[in-house]
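A.B. asks: model this:
(chains A and B)
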Amino acid sequence: MTDLHVMTPPPLLAVEDLCVHFGVRGGWLGGRRGTVKAVDGFSLTIGAGETVALVGESGCGKSTAGNAILGLLEPSAGRIFFEGIELTAIPAARRALLRRQMQVIFQDPVSALNPKLTIGQSVAEPLVVAEVPAKARRERVAELLDLVGLKASQNDRYPNELSGGQRQRVVIARALALSPKLLVCDEPVSALDVSIRSQILNLLMRLQQELGLAYLFISHDLSVVRHIADRVMVMYLGTIVEEGDAETVFASPAHPYTEALLAAIPLPDPVEQRQRKAIVLAGELPSPLDPPAGCPFVTRCPIREDRCTDLRPLLLSTPQGSRAACLIRYPPA
Amino acid sequence: MTERTREAPVLAVRDLSVEIEGRRVVDGVSLDVGRAEVVALVGESGCGKSMIAFSIMGLLPAVASVETGRILLGSEDLVAFDEEAMRAVRGDSMAMIFQEPVSSLNPLMKVGEQVAESLVVHHGVSTAAAWGEAIDMLRQVGIPEPERRARQLPAELSGGMCQRVMIASALISQPRLLIADEPTTALDVTIQAQILKLMKDLRGLGDTAILIITHDMGVVADIADRVCVMYGGRIVETAEVHEIFARPSHPYTRLLLGTIPKLTGQRKHLLRSIEGTVPDVSEWPSGCRFRTRCPLADDACANVPPSLPVAGDEAHQSACWHLDRLAEVA
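C.D. replies: Below you'll find the model as predicted:
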């Protein structure tokens, strides 16, 4: 048993059956009105140096899942392992040290930086917390600025003197200060101009190669995800409806929601775009306070049948090698 | 297409310049939108595209002002209009929909009343009749149970639904010109697809000219007939939509199209990127505004600003001194 363990090292990050439920108060005398199951039974593994993308529309729970993994939110259930160590089962001090290996970059580089700190001070912050001595700190900051493509002269600048793309570089430099192994990137390029987006995506890809970083890449932008991800997980109303290799999921989507999501992206080519078969989904996300009992996608699904209303589909293997949760296409044996 | 362009345009902007505190944020822009035509104004943040929309609508912020040029809606020059005259035009012959549907609607007014408002205010339609037409319009833009929804407040509706309400209130008085400023940017892709389909369906119903402002080349490819690409307060290229994508003829357009990750083809390669950052208006260079990021730039670009049409035919114009070397920006 122990030998086997040595031969197959645990994944960098493993999440088992994660649930984040929020009680909603309100109504008569402020009583409990219901529970929002923002994330409901979410499992994931990320290997070292791998990019796993979590995609879905606003309110699907993707950022909540990311925040729970980072420890920014208390999960209602589930277990999170980092390099095989269960984070919730160890003392807080040790957990805090382990969490240094997981850092985050958010969408909005403006609000992510303290406007009163210089770029150098911002990047040095995690090093101060980690009690790195001043001289080593200065050297490390210089190294980090260079790594993300900023000039040493920008060390003494303030965030408002920088463009959006440069600020996102600062945020990335700060996230890398303590040499993490995993970076949670929550919509890292969504707030950036088109011509700047590709610079940051290129930077993230280069950093991954140079440092062997793993990414949990949370995004609603499927073109970006297709470009950067090794594996893709598609989330709808707090659960995963499809997962697989990026290549497979984009070339032959298995779940009707994934199909609709891909068909909804207008292609930057008028000939192709205007010849395409449109799959325009009717309706919108159901209220998370009152989700369907069966398949979460049932209210908008173009191929639904009666049984989808009551039965919750499980993620099952598809012939193309992905896994999808659809009773109609992949009925349980 | 040629039929349409030969007749007088619904909107003709001529040599428009807008200044904010002495800085010229829109610099000599001319564009036409014909009857039932969709023209896309494309560019990145700070390029001046929204300022053009606000100039046309007479909604420029107090710090900004139109310095030169004419904005012709039919035969009338809107630049000469005072606020009262503009108010009569807005919501009647032209209407605008915004990026943030939720914050653009009056939060304290039933959505049905907001849709009916312009009929009552501009056309003297009775409240009861206008209410009926508002419900018809809400049905046309795809709001389920319009009778019930009309009595609700914006906060009771989703973002996609609010955008439909805004489109309904813009279209109810059958404006000659509709300006849509990033109408789907704040929406999820499946809702964006619904709104784009709605806008395409509605085009078939009337003669409304549409000026859509966007940064998304996918949206442009989906809905536009003609495209104006903006950079640094100027239009740098304009052409029919298929032309722009098949034969982009300004280095900026070529590079911009190259930076977009695709849904097919190779993955994980380094994406083409445009060097440097989108410059702030205070840093716009002399001559061609794109020259500080352009691989073709030389001394000629620094001295004289290229203006449309430097070359090309009437239908496809590019403001670049180096059209003969475009192939170098592959």
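
A.B. asks: so what are the domain limits for chain B?
C.D. replies: B:2-93+B:175-328, B:103-174 (automatic domain parsing).

A.B. asks: so for the shortest one, what's the average pLDDT?
C.D. replies: Just to be clear, that refers to domain B:103-174. Across domain B:103-174, pLDDT averages out at 92.

A.B. asks: repeat that for stretch A:213-222.
C.D. replies: The model assigns stretch A:213-222 a mean pLDDT of 95.

A.B. asks: can you get me the start-to-end distance on that stretch?
C.D. replies: In stretch A:213-222, first residue to last residue: 21 Å (C-alpha to C-alpha, to the nearest Å).

A.B. asks: next, whatever residue of the stretch 201-333 of chain A ends up closest to chain B: secondary structure please.
C.D. replies: Nearest residue of the stretch 201-333 of chain A to chain B: A:Pro266, at 3.3 Å (C-beta to the nearest C-beta). C-betas here are computed from N, CA, C, even on glycine. When classified by DSSP: H, G, I helix; E, B strand; the rest coil, A:Pro266 comes out as coil.

A.B. asks: re the thing from before, identify whichever of the domains of chain B lies nearest to chain A.
C.D. replies: domain B:2-93+B:175-328 (3.3 Å).

A.B. asks: what helix or strand does the residue of chain B most remote from its centre sit in?
C.D. replies: Most distant from the centre of chain B: B:Ala128, at 33.9 Å, with distances by C-alpha atoms, centre = their mean. Here B:Ala128 sits within helix B:127-140, counting by DSSP states H and E.

A.B. asks: likewise A:Met235?
C.D. replies: With DSSP H and E as the criterion, A:Met235 is inside strand A:231-236.

A.B. asks: close to chain B, is that strand?
C.D. replies: No: between strand A:231-236 and chain B, judged by C-beta under 8 Å from any C-beta of the partner chain, nothing touches; the nearest distance is 10.5 Å.

A.B. asks: show the average pLDDT along that strand.
C.D. replies: Averaging pLDDT along strand A:231-236 gives 97.

A.B. asks: what does stretch B:303-315 give?
C.D. replies: The model assigns stretch B:303-315 a mean pLDDT of 72.

A.B. asks: and for stretch B:58-72?
C.D. replies: 95.

A.B. asks: and that stretch, how far apart are its ends?
C.D. replies: 13 Å.

A.B. asks: gap between that stretch and the chain center?
C.D. replies: Put simply, stretch B:58-72 sits 16 Å off its chain's centre (C-alpha atoms, centre = their mean, to the nearest Å).

A.B. asks: got it, and stretch B:103-110?
C.D. replies: 23 Å.

A.B. asks: hmm, that stretch in reach of chain A?
C.D. replies: No: using C-beta under 8 Å from any C-beta, stretch B:103-110 stays clear of chain A, with a minimum separation of 16.0 Å.

A.B. asks: buried ones in that stretch?
C.D. replies: Residues of stretch B:103-110 classed as buried under the neighbour-count rule (16 or more other C-beta atoms under 10 Å in any protein chain shown) are B:Ser104, B:Leu105, B:Lys110.

A.B. asks: let's have the domains of chain B in a markdown table, adding distance to A:Gln166.
C.D. replies: Output for the domains of chain B, formatted as a markdown table (distance: least, C-beta to C-beta, whole Å):
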| stretch | distance to A:Gln166 |
| --- | --- |
| domain B:2-93+B:175-328 | 7 |
| domain B:103-174 | 29 |
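
A.B. asks: so which of those gets nearest A:Ala124?
C.D. replies: For the domains of chain B, the distance to A:Ala124 is smallest for domain B:2-93+B:175-328, at 24.0 Å, taking C-beta to C-beta.

A.B. asks: does any part of that closest one sit near chain A?
C.D. replies: Yes: using C-beta under 8 Å from any C-beta, domain B:2-93+B:175-328 reaches chain A at B:44-45, B:188-194, B:196-197, B:215-222, B:224, B:241-242, B:245, B:255-257, B:259-263, B:267-268, B:270-274, B:277-278.

A.B. asks: ok, back up a step: check which helices and strands the helix or strand that comes right after the helix holding B:Ala128 sits against.
C.D. replies: The helix or strand immediately downstream of helix B:127-140 is helix B:146-150, counting by DSSP H and E. On a contact count with 3 or more C-beta pairs under 8 Å, 6 or more residues apart in numbering or on different chains; DSSP states H and E, helix B:146-150 meets helix B:111-123, helix B:127-140.

A.B. asks: mind telling me what element the residue nearest the centre of chain A is part of?
C.D. replies: Closest to where the C-alpha atoms of chain A average out (C-alpha atoms, centre = their mean) is A:Ile218, at 2.8 Å. A:Ile218 is located in strand A:214-219, with elements delineated by DSSP H and E.

A.B. asks: the residue nearest to the centre of chain A touches A:Val189, doesn't it?
C.D. replies: No: proximity of A:Ile218 to A:Val189 does not meet the contact threshold set by C-beta atoms under 8 Å, at 11.5 Å.

A.B. asks: do a quick rundown of the strands in chain A.
C.D. replies: Using DSSP state E, the strands of chain A run over residues A:13-25, A:32-46, A:51-55, A:77-82, A:85-86, A:102-105, A:182-186, A:214-219, A:231-236, A:239-245, A:316-317, A:323-324.

A.B. asks: buried residues in the longest one?
C.D. replies: Neighbour counts using 16+ other C-beta under 10 Å place A:Val36, A:Lys37, A:Ala38, A:Val39, A:Asp40, A:Gly41, A:Phe42, A:Leu44, A:Ile46 of strand A:32-46 among the buried residues.

A.B. asks: so what's A:Ser322 closest to, chain neighbours aside?
C.D. replies: A:Gly244 (2.7 Å; C-beta to C-beta, 6 or more residues apart in numbering or on different chains).

A.B. asks: how many neighbours does B:Lys25 have?
C.D. replies: Check again: residue B:25 is Val, not Lys. 20 (other C-beta atoms under 10 Å in any protein chain shown).

A.B. asks: wait, a strand at it?
C.D. replies: Yes: assessed with three-state DSSP, B:Val25 lies in a strand.

A.B. asks: my guess is it contacts B:Val281, does it?
C.D. replies: Yes: under the criterion of C-beta under 8 Å, B:Val25 makes contact with B:Val281 at 5.4 Å.

A.B. asks: okay, and the common contacts of those two?
C.D. replies: Taking C-beta atoms under 8 Å, 6 or more residues apart in numbering or on different chains as the criterion, B:Val25 and B:Val281 both touch B:Gly233.

A.B. asks: how far is stretch A:177-190 from where the chain is centred?
C.D. replies: 10 Å.

A.B. asks: again, but for stretch A:223-233
C.D. replies: On C-alpha atoms, centre = their mean, the centre of stretch A:223-233 falls 11 Å from the chain's centre.

A.B. asks: now do the contacts for the closest residue in space to B:Glu100 that isn't next to it in sequence.
C.D. replies: The shortest distance from B:Glu100 to any non-neighbouring residue, by C-beta to C-beta, 6+ apart, is to B:Ala186 (5.6 Å). Counting by C-beta under 8 Å, 6+ apart, B:Ala186 makes contact with B:Gln99, B:Glu100, B:Pro101, B:Gly159.

A.B. asks: need the phi and psi values for B:Ala186.
C.D. replies: The phi/psi pair for B:Ala186 (degrees, to the nearest 10) reads phi -90, psi 0.

A.B. asks: again with A:Ile90
C.D. replies: phi -120, psi 160.

A.B. asks: now the nearest residue to it once chain neighbours are set aside: how far from chain B?
C.D. replies: Spatial nearest neighbour of A:Ile90, excluding adjacent residues (C-beta to C-beta, 6+ apart): A:Leu98 at 7.6 Å. For A:Leu98, the distance to chain B equals 29 Å [C-beta to the nearest C-beta, to the nearest Å].
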